[in-house]
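Colleague: what shape does this take:
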Amino acid sequence: MSARTYVNGKVIQSQTVTALKKAVLVEATVTTGDTVPILELTSIDVVACYNATTGAVVTATELTNVVTITEMALTNVKIFILVIGA
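Modeller: Numbering: from 1, shown residues only. Model prediction:
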């Protein structure tokens, strides 16, 4: 299975929290290995992902402004991604 870059994430809220930091909430439907670029940010300090149906934590990693979904056995699952960065 090849990973895909998810470009159709819906930004629900983007809020400047300090002069240097912004919080962004994104809704996306993802599969394990998908990447979700957070175009509102150039770097991510904190990322938290949750299954929109169950509320369970979804594991992910981040690099610069891209979140990669690492949770095993996900196929077309709607999640919420909360990121804080610059």
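
Colleague: which residues sit against stretch 47-58?
Modeller: Defining contact as C-beta atoms under 8 Å, 6 or more residues apart in numbering, one finds that stretch 47-58 is touched by 27, 59-60, 62, 67, 69, 71, 74, 77-83. Heads up, the C-betas are built off the backbone N, CA and C, glycines and all.

Colleague: inside strands: which ones of these?
Modeller: Within these, residues falling in strands by DSSP state E are 27, 60, 62, 67, 69, 77-83.

Colleague: list buried residues within these.
Modeller: Buried members of the ones in strands among the contacts of stretch 47-58, counted by 16 or more other C-beta atoms under 10 Å: 60, 62, 67, 69, 77, 79-81, 83.

Colleague: helices and strands of this protein: which one bottoms out on pLDDT?
Modeller: Lowest on mean pLDDT, DSSP states H and E among the helices and strands of the chain sits strand 10-16, with a mean of 71.

Colleague: quick revisit: which among the buried ones among the ones in strands among the contacts of stretch 47-58 gets closest to residue 46?
Modeller: residue 83 (6.8 Å; C-beta to C-beta).

Colleague: what strand or helix carries the residue lying closest to residue 74 once chain neighbours are set aside?
Modeller: Distance criterion C-beta to C-beta, 6 or more residues apart in numbering; nearest residue to residue 74, sequence neighbours excluded, is residue 32 at 4.6 Å. Using DSSP states H and E, residue 32 sits within no helix or strand.

Colleague: right, I'll leave it there.
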